[in-house]
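A.B. asks: Got a predicted model here, sequence first, then my questions.
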Amino acid sequence: MAELIVVGDRVLIEPRTGEDKTDTGLVLPASVSQKGDVHSGRVVKTGPGYLTQNPEYSESETWKESETPVRYLPLQAEPGDLAFFMSNEAVDLRYEEQSYMIVPHKALLALVRGDEAGEDAPSATPIDDLEDLWDGDE
């Protein structure tokens, strides 16, 4: 079996399926919750990143060990992240009987690291704790 390689600044996302629940407890079926402009799903794979020039590459210094003329600037998204993205930028893809979406990195709106299975997500500092940092001199 061939390996699926994501190219450039694209992200392979497994979209969330099923029902969503609103804050008030209303259950929205998948057909309704997927009609919005923003979708979400788990990042499965990312491409190498944005293509940039390699500043260390020189065609005139032939004695140097051969280097590639390009480098990739890595993406923020990582496998396992929960991604919120603009659905109009996404391309549906079916690979090995599984549905995915290919999304350009620029279409990602937000990422959530960690999951409900025990991995700790980064926590924000509570507003009450910020008062301790304020020295009041300004």
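C.D. replies: Happy to help now that I have it.
A.B. asks: Dihedrals phi and psi, residue 106?
C.D. replies: Dihedral pair for residue 106: phi -70, psi -20, per degrees, to the nearest 10.
A.B. asks: What of residue 88?
C.D. replies: phi -70, psi -10.
A.B. asks: Return the distance of it relative to residue 80.
C.D. replies: From residue 88 over to residue 80 the distance is 25 Å, taken as CB to CB, to the nearest Å. In this view, the C-beta of every residue, glycine as well, is placed from N, C-alpha and C.
A.B. asks: cool, residue 57 as well?
C.D. replies: Applying CB to CB to residue 57 and residue 80 gives a distance of 33 Å.
A.B. asks: what lines up beside the top strand by length along the chain in the sheet?
C.D. replies: In the chain, taking DSSP state E as the definition, the longest strand is strand 38-46. Strand pairing for strand 38-46, determined by DSSP bridges: strand 10-15 (antiparallel), strand 82-86 (antiparallel).
A.B. asks: Just the buried positions in it, please.
C.D. replies: 39, 40, 41, 42, 43, 44, 45, 46 (16 or more other CB atoms under 10 Å).
A.B. asks: got the contact list for the last one?
C.D. replies: With contact taken as CB atoms under 8 Å, 6 or more residues apart in numbering, residue 46 is in contact with 6, 10, 11, 12, 75, 77, 78, 79.
A.B. asks: What is the burial count for the last one?
C.D. replies: The number of residues packed near residue 79 is 11, by other CB atoms under 10 Å.
A.B. asks: my guess is it meets residue 44, correct?
C.D. replies: Yes: between residue 79 and residue 44 there is a contact at 6.2 Å, judged by CB atoms under 8 Å.
A.B. asks: Overlap in contacts, those two.
C.D. replies: Joint contacts of residue 79 and residue 44 (CB under 8 Å, 6+ apart) do not exist.
A.B. asks: circling back: can I get the longest strand of the chain in PDB, CA atoms only?
C.D. replies: Output of strand 38-46 as PDB, limited to C-alpha atoms (Å, rounded to 0.1, in the frame of the first residue of the first chain):
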ATOM      1  CA  VAL A  38     -16.700  26.800  10.000                       C
ATOM      2  CA  HIS A  39     -16.000  23.100  10.300                       C
ATOM      3  CA  SER A  40     -13.800  21.200  12.700                       C
ATOM      4  CA  GLY A  41     -11.900  17.900  12.800                       C
ATOM      5  CA  ARG A  42      -8.700  16.200  13.900                       C
ATOM      6  CA  VAL A  43      -5.400  16.900  12.100                       C
ATOM      7  CA  VAL A  44      -4.100  13.600  10.800                       C
ATOM      8  CA  LYS A  45      -1.100  14.800   8.800                       C
ATOM      9  CA  THR A  46       0.600  18.000   7.700                       C
END
